[in-house]
Each structure stands twice: as C-alpha cells, then as structure tokens.
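K.L.:
generate a structure from the sequence data that follows.
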Amino acid sequence: MQIFLVGGAVRDQLLKIPSNDKDWVVVGSSPKSMLAQGFRAVGQDFPVFLHPNTQEEYALARTERKSGQGYTGFECFYAPDVTLEDDLARRDLTINAIAQSEDGTLHDPYHGQQDIKQRILRHVSPAFSEDPLRVLRVARFAAKLAPFDFTIAPETMQLMQNMVNSGELEHLTAERVWQEWHKSLTTSAPHIFLQVLRECGALNVILPEIDALFGVPQPENGHPEIDTGIHTLMVAEQASRISQEVSVRFAAQVHDLGKGVTPESEWPSHKMHCHTGIKLIKQLCERIKVPNDCRDLALLVCQHHSNVHRTQELKPSTVLKLLNQMDAWRKPDRFEQILQCCQADHQGRKGLEHLAYLPKELMITYYQAANAIDVQSIISQGFSGKAIRDELDQQRIKAIHSVKEH
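P.N.:
Alright, predicted model coming up:
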C-alpha cells in the first residue's frame, strides 16, 4: 500500500500559499484492508475513508467512466492494481494532478509543475469534458489564482465553450452552482469567476440574469464604462476590496439586475431598475438556493442604493424613512453592509475607482445622531402607544436636521 498527498494541498504548497484541506490517495489497497486498519468508510459512490486519528480523507485510487449526463453520471472503478497515474488522469487541471509521496517526492505525469511555473490552467485530458461542474471549477480557480496571473490555456477555453454548446451545463444542480459561486466569493478576485463564465458562454446558462447586463448601456456622464455588465464586474472587484463578507460580495454582483430588463426604448436610462431588480433577485436566489442572509442583503441594496447615493439631497424626514426601511436600528451591522455595497457601486466605474464616497459617511453620521435619542426619556415624559413612535421619529428627524445644518 502506498499513500500520496494529492490535489490542492500539493498545488498550494508549490505556490507557497496556505491550504486548508489535505486529500490523500491510496494505491494498492482495498476497502477491506482500509477498514481493518481502523479507517471509517464515508464515500457512497466511491471508496473514501476517514483516518482514525486525523479525520482527513483517504480515497482509494480509482478511474471513472462516463455513464450518464451531468456531474453524477459516472461509473467508478477501483482495485489494488489502479495506478497513481490512472487516478491523476481523471482530475480536472494539470496543476491539481500532482501527487507527493510520504518522503516528499513529487509525481507529476501531466506536467502540472510546468504549468504552475508558466501560470496556466490546463485540462489534464479530454475526459475533462465529461463533467460540466469543471467549467465552474476552472472559473473559480481563475478567481482564486488571479493574484498569480494565471490564464486559461486556449485549448481548455475551447473545450469549455464546446461543453456549454453541448447543453451539458443544464444538468448541473442548484446546490453545485451555488457551491462554486460561493467559493468564488471567498477568493481575492470574485469578478474573474463571472468574467470567465461569460467568456466561455456558461454565464448565460447558469446566471442568465447577470449575463443579460452585458451590452446594456448606461448614461455615459455617470458611467464612463457605459456597459452595465462591465460595471457589474467593476463593482464586484471593488466589493472584494472593501469587504471579505460573502453576503456583501454577492449583493454587489446582483444589485443592478433590473437594468437587464429595461426596455431598449428607455436606454440608456434605467429609472425603474431598483424596482424591477427585486423580482429578479428573488427568482435567482430561489433557483440557485442562495442563503437567506445573502438574499436579504441583496434585496435591500437593490431597493435602496439609488437613494443612498442621493443622501446629500434628501430631507431629514426622508433620511429617517430610509433608515427605518433598512432596519438600521435593530441591524446596524447589516446597515454597514448596505453602505459598503453602495460604496462598491459608486467606485465600480471607469476612472472613478478611488473617488471618495461621501454618502456613506453622511448616512453613518445621521444614523448615530438619530440613534442617540433615548426612547426611555420619551416614555418618561408620558408618551404611550403609537405616540412613542411618533415622538421618537420627530426627535430623530430633528437630530438629523441638526447634523445637516452643521
């Protein structure tokens, strides 16, 4: 029996970046032998075992044969005579098909080290095309490895385009689409994920609401980049600079979906996009099974970002109404997230990336002034029932007005 460290752990070690997961492949063993050594079986479709001490995953070397559609349509074959090279051949990219012996020796039959040096994402074999999830994985790796300037090999991009054209991506489940999208949102360059999917045609299949934004013009005086799709990528990039939180990054990417359904006769204006986008975000989140915290923040950002941008023009009573609608009093952290998304929207414009965003500072100042009003003192003055809320609103409006005057 031989044990090898494989996949991401080896790749990240060669790139000198932290790696959380360790995956091991076992050559020359059997399920019976693994169980006899105290490993616990966890794989349903193929033989994966948890180490009795470390709980890390150990998989028997295996080969796969396409037997149906989608990423689940595979027959798995494993036996003690399946070689390490056989196992590595079924992996997606050459940089993920490097194994390391227990003594540190690297086994690299598909030249992954060379592709790491040349910063290339390249498929291992034509079998890549059998698993539609790999299109999303390549896009995610492009986002993860963007700081290293990795590019996708032309032949791999062509293969991805062919897979999209074959209709294979339509068999992906919502859970797997969100899983890859979510992982991309934790990388340093989430916009690259969308960009790659757009380039190979997959964005139109799995996230048509975002794909529809490309080619839709906006007024050039406010949006020098003009194209709404390009603006969305720029906002996504700014959001990843401003916040590490997945919900903020997600909301930033979908905040303008309403512009994708603006009638062409109204272009380049999009007066209703804050309203029309809400329905699209709800549909998208339901279809892809997006978590509630991401969905709720995205809906609030879509609904309110235009008003937040106009903070300086708003009357104190309108500012209070906005704060109430955003539930800033009970959820101050989410209020901050909304403002972060608005800042990303403001700075996600060509040539304006470093422009200060005054509305964020103003909204926080107004919120702090209004939130300083003591409800208990209002009650102690004899107000009761609905009158408490009315008086609280009036005092908060005065507090906001006082700040505005200064």
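
K.L.:
so, low pLDDT: which residues of the stretch 1-150 of the chain?
P.N.:
Along the stretch 1-150 of the chain, segments meeting pLDDT under 70 span 45, 65-75.

K.L.:
please redo it, this time with the cut-off set to 80
P.N.:
In the predicted model of the stretch 1-150 of the chain, residues 43-46, 64-77 satisfy pLDDT under 80.

K.L.:
quick one, strands of it?
P.N.:
Shown for the stretch 1-150 of the chain, the strands assigned by DSSP state E, counting those that start in this stretch span residues 2-6, 23-27, 40-41, 48-50, 57-60, 62-66, 74-78, 99-101, 106-107, 120-121.

K.L.:
ok and the first one relative to strand 23-27, angle-wise?
P.N.:
Counting by axes from the mean of the first three to the mean of the last three Cα atoms, to 10 degrees, strand 2-6 lies at 150 degrees to strand 23-27.

K.L.:
what lines up beside strand 2-6 in the sheet?
P.N.:
strand 23-27 (antiparallel), strand 99-101 (antiparallel) (DSSP bridges).

K.L.:
pick out the residue nearest the middle of the protein.
P.N.:
Leu185 (2.7 Å; Cα atoms, centre = their mean).

K.L.:
longest helix of this protein?
P.N.:
In the chain, taking DSSP state H as the definition, the longest helix is helix 386-405.

K.L.:
for the record, mean pLDDT for it?
P.N.:
Here helix 386-405 scores 94 as its mean pLDDT.

K.L.:
distance of Lys271 from Gln325?
P.N.:
Using Cβ to Cβ, to the nearest Å, Lys271 is found at 19 Å from Gln325. From N, CA and C alone the C-beta is placed, and that goes for glycine too.

K.L.:
typo on my end, Ser269
P.N.:
24 Å.

K.L.:
ok, Pro190 next?
P.N.:
Going from Pro190 to Gln325 by Cβ to Cβ gives 28 Å.

K.L.:
who's more crowded, the two?
P.N.:
Legend: neighbour count by other Cβ atoms under 10 Å for Pro190 and Gln325, higher for Pro190 (27 against 12).

K.L.:
how far away is the more buried one from Ala146?
P.N.:
Distance from Pro190 to Ala146, by Cβ to Cβ: 9 Å.

K.L.:
figure out which of the strands of the stretch 1-150 of the chain is closest to Ile226.
P.N.:
strand 120-121 (30.2 Å; Cβ to Cβ).

K.L.:
can you give the distance of the closest one from its chain's centre?
P.N.:
A distance of 21 Å separates the centroid of the chain from that of strand 120-121, by Cα atoms, centre = their mean, to the nearest Å.

K.L.:
and that strand, which strands flank it?
P.N.:
Applying DSSP bridges, one finds strand 120-121 paired with strand 151-152 (parallel).

K.L.:
can you name the next helix or strand after the partner strand?
P.N.:
Next along the chain after strand 151-152, taking DSSP states H and E as the criterion, comes helix 154-165.

K.L.:
show me what that following helix is packed up against.
P.N.:
Counting contacts by 3 or more Cβ pairs under 8 Å, 6 or more residues apart in numbering; DSSP states H and E, helix 154-165 packs against helix 133-144, helix 190-200.

K.L.:
and if we set it to 10 Å?
P.N.:
Contacts defined by 3 or more Cβ pairs under 10 Å, 6 or more residues apart in numbering; DSSP states H and E place helix 154-165 against strand 120-121, helix 133-144, strand 151-152, helix 190-200, helix 203-206.

K.L.:
quick one: it to helix 190-200, angle?
P.N.:
Using the same axes, to 10 degrees: helix 154-165 against helix 190-200 is 70 degrees.
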